[in-house]
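Novice: Build me a model from this:
(one chain, ligands or ions: 1)
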Amino acid sequence: MKQYEFWFVVGSQYLYGPEVLEIVAARAAEMAEQLSEKLPYKLVYKVTAKTNQEIADVVKEANYDDACAGIVTWCHTFSPSKMWINGLANLQKPYCHLATQYNKEIPNEEIGMDFMNLNQAAHGDREHGFIAARLRMPRKVIAGYWQDEKVQTRLGDWMKAAVGVAVSKSLKVMRFGDNMREVAVTEGDKVEVQTKLGWQVNTWAVGDLVKEMNAVTEAEIDALMAVYTASYDVATDNIDAIRYQAREEIAIKKMMDAEGCKAFSNTFQDLYGMEQLPGLASQHLMAQGYGYGGEGDWKVAAMTAILKAMGEGGNGASAFMEDYTYHLVEGQEYSLGAHMLEVCPSVAAGKPRIETHHLGIGMNEKDPARLVFEGKAGKAIVVSLIDMGGRLRLIVQDIEAVKPIMPMPNLPVARVMWKAMPNLTTGVECWITAGGAHHTVLSYDVSAEQMRDWARMMDIEFVHITKDTTPEKLEEELFLKDLAWKLK
Ligand code: MN
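Specialist: Sure thing, here's the model as predicted:
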């Protein structure tokens with residue numbers, strides 16, 4: 001994971017004299033240093049900006065510096081915001097306005113006009129907020145005391161979403177084979193996603209992958225087998241099938257790394273020259289942070305890579321997922337999610353088992369090895385990006401994952417069971433009304449607020465299905481958004 005940082009830009013003006021400006025600069029540096037210890041990425045104090053030129057310069061520098069994943073602004077004192085216009089109009093990086101204050105309390109005895117002139121964020125941050133609103137800037141506003149844990153968590157979460165933007169803008173997706181024949185929702189405009197999201201989505205021949213597979217050595221396979229056996233329980237005698245998956249993984253990884261790709265898609269309809277659909281291979285690649293999408297679904301492959309990068313430690317518990325089937329017993333309404341093989345073990349409740357089973361779908365000459373496990377319980381989200389024709393819509397639904405209520409001993413794949421919000425049937429009605437796909441990214445690490453931040457920064461439509469959503473309200477929201485996005 002690349003070392004990203006964020007820049008702290010503090011607004012002021014010359015009106016207060018050098019002493020006040022020195023105090024502001026010293027405090028801003030102190031705040032950035034202390035916050036950096038609590039935040040997932042470093043916050044670097046850059047400038048106490050007093051002129052149009054200083055702001056224009058720091059913005060130019062931020063745009064140019066690949067390590068800078070965003071700017072955080074704050075106005076300790078009053079900063080007349082016409083001097084921000086030229087800079088903000090050129091800003092190409094994510095932008096968070098931290099409306100905070102150096103002091104927590106109003107000091108009863110000490111407070112006089114000197115104190116008021118130095119500590120006027122309540123006043124300065126409003127002027128600063130106005131200009132961003134007037135310029136229609138996509139920005140995050142976080143208000144609260146900078147040493148409060150809640151404020152630090154929210155700022156950290158926003159930073160991770162902003163890193164998701166940086167990852168998105170440089171993301172390359174490797175496609176093996178086309179989308180599954182006749183499927184609509186996995187299609188999309190690759191020029192549109194590159195323009196909006198930065199994704200470079202291109203195709204490579206399955207035949208070239210087979211060539212790369214044939215060049216993998218037994219020693220390379222031995223080394224990866226050692227990783228598999230250290231991470232997973234081997235519950236099959238068919239070691240050749242596992243070794244074949246290792247061969248596939250090594251070849252796919254070499255091709256992706258050579259091209260700088262962080263996500264890939266393939267399809268069971270195009271395995272020409274391969275004995276098995278990559279199962280364990282794809283699962284272990286996802287465990288290392290690569291995005292994946294089945295049936296040629298390059299949109300979900302890219303989103304998986306982005307959500308992983310936004311998660312804990314730059315590779316969080318986020319998995320390519322598919323809604324498979326329902327349990328519709330009253331009071332026990334659950335969705336069962338899985339895939340024919342490829343569910344990321346980052347969402348496993350326990351140690352995954354490597355099993356081999358027959359796979360009827362596709363042209364598998366031999367039984368593919370795959371990781372089988374139960375997903376963990378906990379609050380999570382499912383995310384789907386769809387192409388509405390002329391624009392992209394990101395749909396997020398809140399879910400609560402549970403320990404699967406039955407063992408399902410004959411199900412040969414990893415499985416996750418969950419309760420969708422507001423409840424299964426209304427949740428399904430909302431999801432279908434919004435046009436959400438059967439493929440999603442399921443994440444325990446990334447929140448809906450972070451996805452909303454990401455969608456705002458990427459300038460795409462965002463739809464959130466929560467415990468309070470009703471089909472009526474949603475239908476109206478979608479109708480109005482459809483009109484708004486057509487005008488935009
Ligand atoms: Mn699928």
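
Novice: give the contact list for the closest residue to Met458 other than its chain neighbours.
Specialist: Distances taken as CB to CB, 6 or more residues apart in numbering place Leu197 nearest to Met458, at 5.7 Å, with adjacent residues excluded. To be clear about C-beta, it is placed using only N, CA and C from the backbone, and glycine gets the same treatment. Each residue near Leu197 by CB atoms under 8 Å, 6 or more residues apart in numbering is listed here: 168-169, 171, 302, 392, 458, 460.

Novice: Show me which of the residues you listed is closest to the ion.
Specialist: Comparing the contacts of Leu197 against the ion with CB to the ion picks out Ala302 as the nearest, at 15.5 Å.

Novice: Please compute how far the strand or helix carrying that closest one lies from its chain's middle.
Specialist: Using DSSP states H and E, the element containing Ala302 is helix 298-310. On the basis of CA atoms, centre = their mean, to the nearest Å, helix 298-310 sits 6 Å off its chain's mean C-alpha point.

Novice: pLDDT at the residue lying farthest from the centre of the chain, what is it?
Specialist: Here the chain reaches farthest from its C-alpha mean at Glu109, the gap being 47.9 Å by CA atoms, centre = their mean. If you check Glu109, the pLDDT there is 95.

Novice: That one and the ion, how far apart?
Specialist: According to CB to the ion, to the nearest Å, Glu109 and the ion sit 67 Å apart.

Novice: what do you get for Val183?
Specialist: 9 Å.

Novice: OK, contacts around that residue?
Specialist: Counting by CB under 8 Å, 6+ apart, Val183 has contacts 295-296.

Novice: sec struct for it, please.
Specialist: Under the three-state scheme (DSSP: H, G, I helix; E, B strand; the rest coil), Val183 adopts coil.

Novice: likewise Glu333?
Specialist: strand.

Novice: residues near it, how many?
Specialist: For Glu333, the count of nearby residues is 16 (other CB atoms under 10 Å).

Novice: ok, now Ile85?
Specialist: 15.

Novice: Neighbours of the spatially closest residue to Lys351 that is not a sequence neighbour, how many?
Specialist: Closest residue to Lys351 apart from its sequence neighbours, by CB to CB, 6+ apart: Asp233 at 5.7 Å. Neighbourhood size, Asp233 [other CB under 10 Å]: 14.

Novice: likewise the one 3 residues further on?
Specialist: Using other CB under 10 Å, Thr236 is surrounded by 15 other residues.

Novice: Ala25 - nearest residue in space that isn't next to it in sequence?
Specialist: That would be Thr48: by CB to CB, 6+ apart, it lies 4.5 Å from Ala25.

Novice: which SSE is the one you found in?
Specialist: strand 42-49.

Novice: Pairing partners for that strand, with directions?
Specialist: Strand pairing for strand 42-49, determined by DSSP bridges: strand 5-11 (parallel).

Novice: So what touches the partner strand?
Specialist: Contacts for strand 5-11 (CB under 8 Å, 6+ apart): 24-25, 28, 31-32, 39, 41-49, 55, 58, 62, 67-77, 79, 81, 84, 124, 128, 159, 162.

Novice: do stretch 165-172 as well
Specialist: Stretch 165-172 has contacts (CB under 8 Å, 6+ apart) with 2, 4, 69-70, 94, 197-202, 259-263, 302, 305-306, 309-310, 454, 457-458.

Novice: Dihedrals phi and psi, Ala56?
Specialist: Per-residue torsions, Ala56: phi -60, psi -40 (degrees, to the nearest 10).

Novice: can I assume it is in contact with Leu88?
Specialist: No - the criterion here is CB atoms under 8 Å, and Ala56 misses it with Leu88 at 9.4 Å.

Novice: Near the residue of the stretch 51-200 of the chain found nearest the ion, how many residues? Count them for me, please.
Specialist: Distances between the stretch 51-200 of the chain and the ion by CB to the ion are smallest at Met180, namely 7.8 Å. Using other CB under 10 Å, Met180 has 16 other residues around it.

Novice: what's near enough to touch Val191?
Specialist: Contacts of Val191 (CB under 8 Å, 6+ apart): none.

Novice: how close does it sit to Gly390?
Specialist: Separation of Val191 from Gly390 (CB to CB, to the nearest Å) stands at 12 Å.

Novice: next helix or strand past the helix holding Ala302?
Specialist: Following helix 298-310 in sequence, per DSSP H and E, is strand 318-329.

Novice: can you give me the strands for the stretch 251-400 of the chain?
Specialist: 263-265, 291-293, 318-329, 332-338, 353-356, 369-372, 378-387, 392-402 (DSSP state E, counting those that start in this stretch).

Novice: Turn those strands into JSON lines, including mean pLDDT.
Specialist: Compiled in JSON lines, the strands of the stretch 251-400 of the chain are given as follows (pLDDT from 0 to 100):
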{"stretch": "strand 263-265", "mean pLDDT": "98"}
{"stretch": "strand 291-293", "mean pLDDT": "98"}
{"stretch": "strand 318-329", "mean pLDDT": "97"}
{"stretch": "strand 332-338", "mean pLDDT": "97"}
{"stretch": "strand 353-356", "mean pLDDT": "97"}
{"stretch": "strand 369-372", "mean pLDDT": "97"}
{"stretch": "strand 378-387", "mean pLDDT": "98"}
{"stretch": "strand 392-402", "mean pLDDT": "98"}
